[in-house]
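S.K.: The amino acid sequence is not available; the structure is as follows:
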């Protein structure tokens, strides 16, 4: 009887155990579904935001680096601090040439960073409601990605550092002090050589945690920190790094000539992302021993965290975003892909930056309507055609595009070389393409072949390189090519790299050498008109009108002729000024005379009716 009762009790107990286990498993499954939904929503919001705000930024940074499928390229990366993350970052960035891929990759990386942060919080303070705070590193790092001076490898390095913390707070590393010490030492060395200065952040943060929780044993964790510091000293001594700050601070993930805290909010945000790690450890250490928070207090704490993250994400990114830079990157992308109509559509209003205007005028020149339509758009001086060179990469790149469009091949090649050399790895896909084109045009086939060999080792440019390889040591093929042949005819003996005789005179010689390249004279005339050098312009048209260089006068030139010979209208017929231009000038002059006593209102009246004419530009711009 007793045995029967015991068996019955055992059955009931087994049923209860299975029931409790099923409830726990259901609870765990529900928890994972909620976490998956949360991080899925974070990923979707990040993707939509990055695609909207940084889509052209991703295209822009892709062209400034080059990933080569070569084993020795990989081995070279391993021979320097942070070389592994640089190699892997370049591997990912090469795919930014594809639409949506940049936003997709970066959203995934940010979500992994958030998840690692949340896991770390859950392991060291399981009873605290700090889950939403795990989004803060994402917000800070998104800030930094607006800055072109920031290297994306810093974000990957940050993720590796958090992954090292995940291992540090795992069960095997928390039981034995010797295992923890060995783990931190190995991770410190690995992080330093593979990811750079995050190793210093990791070892300092671990030492801080040990001091807070195992004070008597914490002295041992000075060893990994000293080991990393010793590696830093050796690398600087061996000239693998120029300054200590590049291997100890976030500065290592910025252009070496700059200090992040000096470039503005973007750089400071990177420091915030670093400071967040030890601050989070301090916060979790302070709160981990309190009891579980429930009820209203729990929701208040979560709400406050959510508000903090939302405020920083919503208003912070709006304040730090480079609006003018975003627009330039968009125009630059259209210029690189020769979408000239897109540029003219986007530049229909007021343009607040000379680089925008340069992109616009390149588009007009390539469409063959620069001299006809230039004053339909916002223009202001010769810098609307060509900006001064300041040795900055994006300016050198833009100047290379402008000179190539002009037919001034020597300067296009020089600017491409300067732009390429100013890049961190002295190799960018876009300027290598331009160097290949210009060297083929000049007949420097050995140099062109060297650059072609490089591009053929890439994923997305090898087909382009294979196409251009057919022109090596093949003058006939170049002369028959619509682009290379036309540009080769622009080369004249006085076409010097320094432009000693003046740009407009250089362009005049190119126009005489190759009248079929009509953009050259269009640029030359535009420079004169925008500079209001009306006398120089008069000499140009007197010399060249009616020749193959200038067979007919486009609209803006006719408007300039009207000004030149206002006192001698018979010359208008000599230069075949159209009746429509003459009629419109009479209307313009009539409006000026009718409102000459109302000088404050006159510019507005003329702008609304004649803002697309050279007359209005000549008087008021």
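M.R.: Cool, the structure landed. Since we're looking at a predicted model, the values are computed, not measured.
S.K.: going forward, measure contacts and count neighbours with C-alpha atoms only.
M.R.: OK.
S.K.: and after the one helix or strand in the chain whose mean pLDDT sits lowest, which helix or strand comes next?
M.R.: One helix or strand of the chain scores below all others by mean pLDDT, DSSP states H and E: helix 171-175, with a mean of 57. Sequence-wise, the next helix or strand downstream of helix 171-175 (DSSP states H and E) is helix 177-195.
S.K.: Give me the buried positions along that next one.
M.R.: 180-181, 183-185, 187-195 (16 or more other CA atoms under 10 Å).
S.K.: Give the other helices and strands that it contacts.
M.R.: For helix 177-195, the contact count by 3 or more CA pairs under 8 Å, 6 or more residues apart in numbering; DSSP states H and E identifies helix 83-93, helix 153-168, helix 171-175, helix 198-213, helix 222-237 as packing neighbours.
S.K.: Look over the buried residues of helix 177-195 and name the one with the lowest pLDDT score.
M.R.: Lowest pLDDT among the buried residues of helix 177-195: residue 180, with 85.
S.K.: surely it meets residue 168?
M.R.: Yes. Counting by CA atoms under 8 Å, residue 180 does reach residue 168; the two are 6.9 Å apart.
S.K.: picking that back up, quick one: closest of the helices and strands packed on helix 177-195 to residue 351.
M.R.: The minimum distance between residue 351 and those falls on helix 83-93, with 30.8 Å, by CA to CA.
S.K.: pretty sure residue 161 is in contact with residue 202, am I right?
M.R.: Yes. If you go by CA under 8 Å, residue 161 and residue 202 touch, sitting 6.4 Å apart.
S.K.: what is in contact with the two at once?
M.R.: Listed as contacting both residue 161 and residue 202 by CA atoms under 8 Å, 6 or more residues apart in numbering is no residue at all.
S.K.: which ones are touching residue 273?
M.R.: 136, 137, 140, 141.
S.K.: Model confidence for the third one, exactly?
M.R.: The score at residue 140 is 90. That number is its pLDDT.
S.K.: Likewise for residue 186?
M.R.: Confidence score, pLDDT, at residue 186: 92.
S.K.: From residue 225, how far off is it?
M.R.: Relative to residue 225, residue 186 is positioned 11 Å away (CA to CA, to the nearest Å).
S.K.: again, but for residue 116
M.R.: 23 Å.
S.K.: So for these two, which sits in the more crowded spot?
M.R.: Between residue 116 and residue 225, residue 225 has the larger neighbour count (other CA atoms under 10 Å), namely 24 against 21.
S.K.: on that earlier part again, nearest to residue 474 among the helices and strands packed on helix 177-195 would be which one?
M.R.: Closest to residue 474 of these is helix 83-93 (CA to CA; 34.1 Å).
S.K.: Could you name the helices and strands sitting against that closest one?
M.R.: Packed against helix 83-93 by the contact rule (3+ CA pairs under 8 Å, 6+ apart) you find helix 71-78, helix 153-168, helix 177-195.
S.K.: Mind putting those into a markdown table with distance to residue 363?
M.R.: Shown next, in a markdown table, are those (distance: least, CA to CA, whole Å):
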| stretch | distance to residue 363 |
| --- | --- |
| helix 71-78 | 38 |
| helix 153-168 | 35 |
| helix 177-195 | 42 |
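S.K.: between these, which gets nearest to residue 418?
M.R.: Of all the helices and strands packed on helix 83-93, helix 71-78 comes closest under CA to CA, at 23.1 Å.
S.K.: what's the closest one packed up against?
M.R.: Partner elements for helix 71-78 (3+ CA pairs under 8 Å, 6+ apart): helix 83-93.
S.K.: and with 10 Å instead?
M.R.: Under the contact definition 3 or more CA pairs under 10 Å, 6 or more residues apart in numbering; DSSP states H and E, helix 71-78 sits against helix 83-93, helix 177-195.
S.K.: residues touching residue 330, list them.
M.R.: 54, 55, 56, 57, 59, 60, 336, 342, 343, 346, 356 (CA atoms under 10 Å, 6 or more residues apart in numbering).
S.K.: how much space is there between it and residue 363?
M.R.: 13 Å.
S.K.: okay, how far is it across stretch 539-555, tip to tip?
M.R.: Stretch 539-555: ends 18 Å apart by CA to CA.
S.K.: Now that stretch: buried residues?
M.R.: Buried, per 16+ other CA under 10 Å, within stretch 539-555: 540, 541, 544, 549, 550, 552, 553, 554, 555.
S.K.: list the contacts for the nearest residue in space to residue 223 that is not next to it in sequence?
M.R.: Closest residue to residue 223 apart from its sequence neighbours, by CA to CA, 6 or more residues apart in numbering: residue 185 at 7.5 Å. Applying CA under 10 Å, 6+ apart to residue 185 gives the contacts 179, 191, 203, 221, 222, 223, 224, 225, 226, 227, 228.
S.K.: thinking the second one is in contact with residue 164, fair?
M.R.: Which is residue 191. Yes. At 8.5 Å, residue 191 counts as touching residue 164 under the criterion of CA atoms under 10 Å.
S.K.: Overlap of the contact sets of the two?
M.R.: Residues touching both residue 191 and residue 164 (CA under 10 Å, 6+ apart) are 158, 199, 202.
S.K.: What strand or helix carries the residue nearest to residue 97 when sequence neighbours are not counted?
M.R.: Closest residue in space to residue 97, ignoring its immediate chain neighbours: residue 59 at 5.6 Å, by CA to CA, 6+ apart. Take DSSP H and E as the rule and residue 59 turns out to sit in helix 2-62.
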